[in-house]
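**Student:** After the sequence you'll find the predicted model.
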Amino acid sequence: MPSPDDLAKSLEAVRAKRGYLLPHHGLMALTAPKLLEAYDATYTALALDDRVLSHHDREFVWMAVLIATDEAIATHHIPKFRNAGGTDAELAAVLAVTALVCGFRAYRFTHDHWRDHLPTLDVQARWIAAVCAAGSGADLRLVHLAACAVQICNADWLGLDWQIRAAYADTVPEADLAEAMSITMFPGSVPHFVEAAKVWRNLIASDAVQASDGFRAWAALSGQDGHRGPKG
């Protein structure tokens with residue numbers, strides 16, 4: 001195990017990069033320093049390095065993910081959002097969207113069990129309209145990104161299917177959607193992110209959405225079913 005001085009030194013590097021420390025940083029530094037190094041590199045690429053979303057847009061999605069996962073400790077994302085230009089109206093919008101998406105079960109129930117009894121009610125269309133209305137005060141693209149991320153956190157794959165379709169319908173860039181969905185990996189779980197990628201891939205493969213060439217190539221690539229599916 002590292003000496004107290006080495007432990008403090010390694011943790012200070014983490015603090016300098018993030019601006020804070022959490023208990024698991026110290027535990028990994030003490031017992032699994034290589035794991036801490038790999039974890040820090042992954043977190044940096046996920047949450048700190050610039051990809052395609054602006055700092056403002058990325059933090060908007062983080063707000064939704066943190067609310068959806070009851071992640072009370074990550075309050076540093078609030079000043080990061082405000083410092084990137086986030087407004088009270090946008091915070092109200094992300095709260096409303098997240099609350100609505102966390103209640104998707106009512107729409108799923110109606111879709112799954114009452115469709116034959118309510119033939120004139122387009123549940124999917126009403127759902128998308130409700131999401132857009134809840135996001136009043138924020139850019140529609142961000143509303144779609146946040147809604148997709150929350151559906152992943154809640155492991156509601158029908159809801160994610162609908163959200164991705166809606167995002168394509170409103171021409172949300174695929175790279176923006178990919179980054180927003182990836183934010184769920186730590187707070188929402190990697191297994192949920194794996195399943196979310198499967199939902200998206202299936203939509204592309206079935207031509208349910210009009211994907212770009214690069215994304216179509218990903219969807220067409222064989223052997224992506226792990227140990228549980230076909231090898232072809």
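**Tutor:** Nice, I can see it. Numbering: from 1, shown residues only.
**Student:** next structured bit after the helix or strand of the chain with the lowest mean pLDDT?
**Tutor:** Least confident element among the helices and strands of the chain, by mean pLDDT, DSSP states H and E: helix 4-18 (a mean of 84). Later in the chain than helix 4-18, the nearest helix or strand by DSSP states H and E is helix 23-31.
**Student:** Please export the C-alpha coordinates of the one helix or strand W62 maps to as PDB.
**Tutor:** Take DSSP H and E as the rule and W62 turns out to sit in helix 55-68. Taking Å, rounded to 0.1, in the frame of the first residue of the first chain, the C-alpha atoms of helix 55-68 are listed here in PDB:
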ATOM      1  CA  HIS A  55     -20.300  23.200 -21.400                       C
ATOM      2  CA  HIS A  56     -23.800  24.700 -21.000                       C
ATOM      3  CA  ASP A  57     -25.500  21.900 -22.900                       C
ATOM      4  CA  ARG A  58     -23.500  19.200 -21.200                       C
ATOM      5  CA  GLU A  59     -24.400  20.500 -17.800                       C
ATOM      6  CA  PHE A  60     -28.100  20.800 -18.700                       C
ATOM      7  CA  VAL A  61     -28.100  17.000 -19.300                       C
ATOM      8  CA  TRP A  62     -26.200  16.400 -16.100                       C
ATOM      9  CA  MET A  63     -28.900  18.300 -14.200                       C
ATOM     10  CA  ALA A  64     -31.500  15.900 -15.500                       C
ATOM     11  CA  VAL A  65     -29.400  12.800 -14.900                       C
ATOM     12  CA  LEU A  66     -28.600  13.800 -11.300                       C
ATOM     13  CA  ILE A  67     -32.200  14.500 -10.500                       C
ATOM     14  CA  ALA A  68     -33.300  11.300 -12.000                       C
END
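**Student:** picking that back up, contact partners of the least confident helix or strand of the chain?
**Tutor:** By C-beta atoms under 8 Å, 6 or more residues apart in numbering, the residues outside helix 4-18 that reach it are 2, 21, 25-26, 29-30, 33, 36, 40, 44, 48, 76. C-beta here means a position set from N, CA and C on the backbone, and glycine is covered the same way.
**Student:** can you pull the buried residues of that helix?
**Tutor:** Judged by neighbour count (16 or more other C-beta atoms under 10 Å), helix 4-18 contains these buried residues: 10-11, 14, 18.
**Student:** and the residues you listed as TSV, adding distance to A169?
**Tutor:** Below are these laid out as TSV (distance: C-beta to C-beta, whole Å):
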residue	distance to A169
S10	48
L11	47
V14	42
R18	37
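**Student:** one step back: rounded mean pLDDT for the helix holding W62, please.
**Tutor:** For helix 55-68, mean pLDDT is 97.
**Student:** what does stretch 26-46 give?
**Tutor:** Mean predicted confidence for stretch 26-46 is 89.
**Student:** got it, and stretch 185-194?
**Tutor:** Averaged across stretch 185-194, the pLDDT comes to 93.
**Student:** what about dumping the CA coordinates of it to CSV?
**Tutor:** What follows is stretch 185-194 as a C-alpha-only set of coordinates in CSV (Å, rounded to 0.1, in the frame of the first residue of the first chain):
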residue,chain,number,x,y,z
MET,A,185,-22.8,5.7,-17.7
PHE,A,186,-21.6,6.5,-14.1
PRO,A,187,-24.7,7.8,-12.3
GLY,A,188,-27.2,5.6,-14.3
SER,A,189,-25.0,2.5,-14.7
VAL,A,190,-22.9,1.0,-17.5
PRO,A,191,-25.4,-1.9,-18.0
HIS,A,192,-28.2,0.7,-18.7
PHE,A,193,-25.9,2.4,-21.2
VAL,A,194,-25.2,-0.9,-22.9
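**Student:** what comes into contact with it?
**Tutor:** Identification of contacts with stretch 185-194 by C-beta under 8 Å, 6+ apart yields 43, 46-47, 65-66, 68-69, 71, 74, 149, 152-153, 155, 181-182, 184.
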